[in-house]
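Undergrad: Need a 3D model of the sequence below.
(7 chains)
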Amino acid sequence: MSAVKQFIPLFDRILVSRAVAAAKTKGGIMLPESSQKKLNEGVVVSCGPGAVDADGDVIPVSVSVGDKVLLPEYGGTKLNLDDEEYLLIRDSEILGKFVKVTSE
Amino acid sequence: MSAVKQFIPLFDRILVSRAVAAAKTKGGIMLPESSQKKLNEGVVVSCGPGAVDADGDVIPVSVSVGDKVLLPEYGGTKLNLDDEEYLLIRDSEILGKFVKVTSE
Amino acid sequence: MSAVKQFIPLFDRILVSRAVAAAKTKGGIMLPESSQKKLNEGVVVSCGPGAVDADGDVIPVSVSVGDKVLLPEYGGTKLNLDDEEYLLIRDSEILGKFVKVTSE
Amino acid sequence: MSAVKQFIPLFDRILVSRAVAAAKTKGGIMLPESSQKKLNEGVVVSCGPGAVDADGDVIPVSVSVGDKVLLPEYGGTKLNLDDEEYLLIRDSEILGKFVKVTSE
Amino acid sequence: MSAVKQFIPLFDRILVSRAVAAAKTKGGIMLPESSQKKLNEGVVVSCGPGAVDADGDVIPVSVSVGDKVLLPEYGGTKLNLDDEEYLLIRDSEILGKFVKVTSE
Amino acid sequence: MSAVKQFIPLFDRILVSRAVAAAKTKGGIMLPESSQKKLNEGVVVSCGPGAVDADGDVIPVSVSVGDKVLLPEYGGTKLNLDDEEYLLIRDSEILGKFVKVTSE
Amino acid sequence: MSAVKQFIPLFDRILVSRAVAAAKTKGGIMLPESSQKKLNEGVVVSCGPGAVDADGDVIPVSVSVGDKVLLPEYGGTKLNLDDEEYLLIRDSEILGKFVKVTSE
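TA: As a prediction, this is how the structure comes out:
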């Protein structure tokens, strides 16, 4: 058995690992470093329990671990945990999520 | 079966695809590019579940997919999804909607 | 049967068509263009359902279609619909309304 | 029967006609125009139904038609109705009212 | 019987008549005008019914007529009623009150 | 019997008498005046009844007379009562209190 | 028996002792003073009872004594108690906590 240190956000904060733009175009051509800017997309890694409403009750967050989400241009806090870069952002700042819709 | 990535807005955000001004006048005369400015009208493509009120309950949004809406001059976030331009805007920022009224 | 596109404001917004000052004095003398400034009066053309209160319930607006209302000097959004100029304004920004009182 | 146009304020707005300072001193001496400045006193002419609280209920205003009130130095909106000057002000901005107290 | 005009504050406003610093020291020495600055103390002359809470209920004020109160350095509105100077101030701005405590 | 004037704070205000730094080090060496700056500690002398919540109910304060408290660097109002200097501060601005914990 | 002075934060304040960066690299090389900057991590030493909600009820804090927490870059109040440096910070400002997760 081995113990690992895991980070749990508080309140309605969500830990997101940001997707990095592909290093190559679909056709396989290497993209210059500069164009590999951070996409505004990411994957939810860990969720806080939720914000507290006016009566002290917890309002569950609206995303879950594994969700692919769209992040705003600005906002959130950059975090470096075990040499990995994450974004810690409020549930209410996440613009939306991508879901897979299968069609016949 | 094929799977497609669909974007679902969070909370009370609404995804709107903006109408583009007609390239010709009703009489068929070509309009210069400059005048083809974005109309403040658009069609609702996807809706978030709604904002959360003081007690943590969800308040449903007031528009539905397919509604023709009137957008404010400013506000919302421009989004580019699959090379299409959309506007992501709060339900409460949408000025109103156009409905068809049939008269005898 | 013919279908007409009608604009319905959202939330507590009210669509008002503004009264234009009379072109002549009561005595029939033509008034110069400059003095024909927009009165702060208008007629309610269309009403939103109402604002949403802290519990998510709709608060009905306090004016109805046809009401003659007094508008503030500033505020609201100018709208041009089918080449007619309107003012889209919040219910709570309207100063008051004129009612007819008949006296013996 | 004749119909008269009457102005009804909306929400918690109160229509007040301002008292004008006496043109003469108690001793009968004519006061110069400049000193006939508007008193901060006035009489309530018309009342709105009241503001709407967080639950959408109407909170009745605290003054009635005919009350003599004390107005703040600033605030309110000047209105000219039928060539008479009024002040339209929120119920909560009125400082207080004068009542007659009879003593033996 | 004679009728007197009495001023009643509205909402949570309190009318206070300010105490003036003694013209002489306890030893009877005349104090220069400049040192007779207004004390931050005063006596409550008249009280409003109280502020209105979020549900439209009146919250009674926390001082009564005759209370000796301590006023903040700034705040409130100076009023001149019948040539007497008063301070009209919100209940919540009054710092505290002085009460007499008798000890054996 | 003798009557004394006692100051009672209003709402959630707390009257604190500030502790002054010791004039000597533990070793008995006189400290220069400059270093005898006001500590951020003090003792509660008198408490208001408490703030009023959104429903008009009183929320009791969280300290009591005699508590040793830690004050923020800034905030509160300096009061001079009977030639003694006090700090009048809101309950919510007090950082915390010192309690005695006995260990075997 | 000996009595010790213990500091209890008020409301939703949390007392945190900050972790100091290791003076040596894992390989044992001494790190220069400058790089021993304060980590944004710390251990909870003492908790206030919690904030008070709109109805006057206490909302318990979301961390406990002994929790390892991640602090924001800015915010909180530096406190020196018995020559030890602490950070006094609001429960809602703490970004998250580290928990041990054991895996087979």
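
Undergrad: Going by C-alpha atoms from here, please, whenever you check contacts or count neighbours.
TA: Noted.

Undergrad: Closest residue of chain A to chain C?
TA: At 10.6 Å from chain C, A:Ala54 is the closest residue in chain A, using CA to the nearest CA.

Undergrad: Test my guess that A:Gly76 contacts A:Asp91.
TA: No. In this structure, A:Gly76 is not within contact of A:Asp91 by CA atoms under 8 Å, at 10.1 Å.

Undergrad: and the residue of chain A closest to chain C, what does it touch?
TA: B:54-55, G:53-54 (CA atoms under 8 Å, 6 or more residues apart in numbering or on different chains).

Undergrad: returning to what we had before: please say which of A:Gly76 and A:Asp91 ends up with more neighbours.
TA: The neighbour count for A:Gly76 versus A:Asp91, taken as other CA atoms under 10 Å in any protein chain shown, is higher for A:Asp91 (23 against 19).

Undergrad: Please report phi then psi for that one.
TA: Main-chain dihedrals, A:Asp91, degrees, to the nearest 10: phi -50, psi -40.

Undergrad: wait, what's in contact with it?
TA: A:Asp91 touches A:12-14, A:61-63, counting by CA under 8 Å, 6+ apart.

Undergrad: Repeat that for A:Lys68.
TA: Contacts for A:Lys68 (CA under 8 Å, 6+ apart) come out as A:41-44, A:97-99.

Undergrad: Next up, phi/psi of the closest residue to chain E within chain A, please.
TA: In chain A, the residue found nearest to chain E is A:Ala54; the distance is 13.1 Å by CA to the nearest CA. Here is the backbone geometry of A:Ala54 (degrees, to the nearest 10): phi -60, psi -20.

Undergrad: for chain A, longest strand please?
TA: Using DSSP state E, we find that the single longest strand of chain A is strand A:38-47.

Undergrad: Can you name the next helix or strand after it?
TA: The helix or strand immediately downstream of strand A:38-47 is strand A:51-52, counting by DSSP states H and E.

Undergrad: And for the residue minimising distance to the centre of chain A, nearest residue in space, chain neighbours not counted?
TA: For chain A, A:Val16 is the residue whose C-alpha lies nearest the centre (CA atoms, centre = their mean; 2.3 Å). Ranked by CA to CA, 6 or more residues apart in numbering or on different chains and with sequence neighbours excluded, the top spatial neighbour of A:Val16 is A:Val44, at 4.5 Å.

Undergrad: The one you found touches A:Ser17, doesn't it?
TA: Yes. Counting by CA under 8 Å, A:Val44 sits close enough to A:Ser17 to count as a contact (6.5 Å).

Undergrad: Between its first and last residues, how far does stretch A:60-79 reach?
TA: End-to-end distance of stretch A:60-79 (CA to CA, to the nearest Å): 23 Å.

Undergrad: pLDDT on it, on average?
TA: Averaged over stretch A:60-79, pLDDT sits at 95.

Undergrad: for it, which positions count as buried?
TA: The neighbour-count check on stretch A:60-79 (16 or more other CA atoms under 10 Å in any protein chain shown) flags A:60-63, A:67-72, A:76, A:79 as buried.

Undergrad: Among the residues you listed, which one sits closest to F:Ala3?
TA: Of all these, F:Ala3 sits closest to A:Pro60, with 58.2 Å by CA to CA.

Undergrad: So A:Leu88 belongs to a helix, correct?
TA: No. Counting by DSSP: H, G, I helix; E, B strand; the rest coil, A:Leu88 is not found in a helix; it is strand.

Undergrad: okay, now it: neighbour count?
TA: 22.

Undergrad: now it, which residues is it bridged with?
TA: Counting by DSSP bridges, A:Leu88 forms beta bridges with A:Leu15, A:Thr77.

Undergrad: pLDDT for the contacts of A:Lys68 - can I get that in TSV?
TA: Converted to TSV, those look like this (pLDDT from 0 to 100):
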residue	pLDDT
A:Glu41	92
A:Gly42	95
A:Val43	96
A:Val44	97
A:Lys97	96
A:Phe98	95
A:Val99	93
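
Undergrad: gap between A:Asp57 and chain B?
TA: For A:Asp57, the distance to chain B (CA to the nearest CA, to the nearest Å) stands at 8 Å.
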